[in-house]
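Show me how the following folds:
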Amino acid sequence: TARAPKATTPGAPANDAPLRLNKTQLPPQPLLDRAFDALQSGKLEEAHRDYFRLLKDDPRNVDALLGLASIALRKDQPDQALSYFQKILEFDPNDAAAQAGIINLRGQNDPALAESRLKTALSSQPESGPLHFALGNLYARQQRWSEAQQAYFRAYSTEPDNADFIFNLAVSLDQLHQSRLAAQYYRMALNAAEASSGSQAVGFD
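Numbering: from 1, shown residues only. Here you go, the predicted model:
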């Protein structure tokens, strides 16, 4: 029988980081787009250089800080990623992606604490896709697939075109032996990934 794919996370699936990177829409920022494209292509040094240049001009650029955090995670530098997430929260304490990233990194050795912190964050941001996604990832690591499925579905409900949210929802359904429904969401994930090609980072093959 086919083995269900491992639940992945955007940006750096091997590091299981609940991080979503999108190309900024307004205003146009060629350097940011170039950094994003380099990151997507695995050219981490080029991406790092361009994101760092953006920060020199604007130390509060959240897109650049998230990009640098993603690079740090891909390089297995969790402390460096943590520092970027913390910097984001200095500017915006409610940034869901940074909150999820910090909770994920600090909660590796204490899943119960991470779960509590995610639920606390969700109590004030119940429509946050990244926080629901991070909670789903936490449950998935513990093989708590029914709870993971519910968290992934809530994440998907907030961003129906997010390919990673759809994919992880499919994985959870697959693990719960709901094969037909899982297949439907796998197809939806592929379609969403194709539709967002070049504009959103996708964390699965």
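
remind me, longest helix of this structure?
In the chain, with assignment by DSSP state H, the single longest helix is helix 179-195.

Mind giving me the packing neighbours of it?
With contacts defined as 3 or more Cβ pairs under 8 Å, 6 or more residues apart in numbering; DSSP states H and E, helix 179-195 has these neighbours: helix 163-175. Where you see a C-beta, it was placed from the backbone N, CA and C, and this is true even at glycine.

The helix it packs on to helix 179-195, inter-axis angle?
For helix 163-175 against helix 179-195, the angle by axes from the mean of the first three to the mean of the last three Cα atoms, to 10 degrees is 160 degrees.

So for helix 163-175, mean pLDDT?
The average pLDDT within helix 163-175 is 95.

Which strands or helices does it pack on?
Checking 3+ Cβ pairs under 8 Å, 6+ apart, helix 163-175 ends up next to helix 129-141, helix 145-158, helix 179-195.

Now find how far off-centre that helix is within its chain.
14 Å (Cα atoms, centre = their mean, to the nearest Å).

Can you name the helix or strand that the closest residue to P78 other than its chain neighbours falls in?
Nearest residue to P78, sequence neighbours excluded (Cβ to Cβ, 6 or more residues apart in numbering): L105, at 5.3 Å. When elements are assigned from DSSP states H and E, L105 belongs to helix 96-106.

Remind me what that helix packs against, helices and strands.
Using 3+ Cβ pairs under 8 Å, 6+ apart, helix 96-106 sits against helix 62-74, helix 78-91, helix 111-124, helix 129-141.
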